[in-house]
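Undergrad: build me a structure from this.
(one chain, ligands or ions: 1)
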Amino acid sequence: MKLIIINGPNLNLLGKREPEIYGKNTFEEFFAYLQEKYPHITLHYFQSNSEGALIDKLHEVGFTYDGIIMNAGAYTHTSIAIADAIAGIKTGVIEVHISNVHAREAFRHKSYMAAKCVGSIAGLGLTGYELAIDYFLQ
Ligand code: DQA
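TA: Residues are numbered from 1 along each chain as shown. Now for the predicted structure:
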């Protein structure tokens, strides 16, 4: 089982960025926990602040991996190109948001990628990534 977590813009700042919304843990700490929890799967992590790099990564992994867990950050609400990339690959994508985007500003309620994804998880903090892994493992 080969899975990848792809994080989009500003998620490299987790732990420092608006901790009241996104929590105090860095993603690197959380990823180390995930690797310990799931030693039997190949779990990769990629983060970029650039839309093109995120699309290139989807193309690279999207025909060989068993699952993709993606938090596209603000590109969720703006990027038709990321939605098209998800539609164009074979591997299923689960959309994850740490915060409950539906309880926040109206511009965060729209997700271009949601319709192209297997499903979406929002508002459950970093646990959302864990639940997405569990889904792919089922
Ligand atoms: C986010 C929600 C987005 O609206 C925001 O732009 C992010 C993080 C989340 O994980 O809650 O960067 O995707």
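Undergrad: helices or strands next to the helix-or-strand element of the chain with minimal mean pLDDT in the packing?
TA: In the chain, no helix or strand scores lower on mean pLDDT, DSSP states H and E than helix 19-22, which sits at a mean of 92. The criterion is 3 or more CB pairs under 8 Å, 6 or more residues apart in numbering; DSSP states H and E, and there are no helices or strands that helix 19-22 contacts. For the C-beta atoms, the positions are set from N, CA and C on the backbone; glycine is no exception.
Undergrad: give the buried residues for it.
TA: Residues Y22 are the ones in helix 19-22 that count as buried (16 or more other CB atoms under 10 Å).
Undergrad: run through who's touching it.
TA: Helix 19-22 is contacted by residues 14, 98-99 when judged by CB atoms under 8 Å, 6 or more residues apart in numbering.
Undergrad: keep only those that also lie close to the ligand.
TA: Subset of the contacts of helix 19-22 in contact with the ligand: 98-99, counting by CB under 6 Å from any ligand atom.
Undergrad: hmm, who's touching whichever helix or strand I5 is part of?
TA: Under the criterion of DSSP states H and E, I5 resides in strand 2-7. Strand 2-7 is contacted by residues 27, 31, 34, 41-48, 54, 57-58, 61, 64-73, 129, 133, 136 when judged by CB under 8 Å, 6+ apart.
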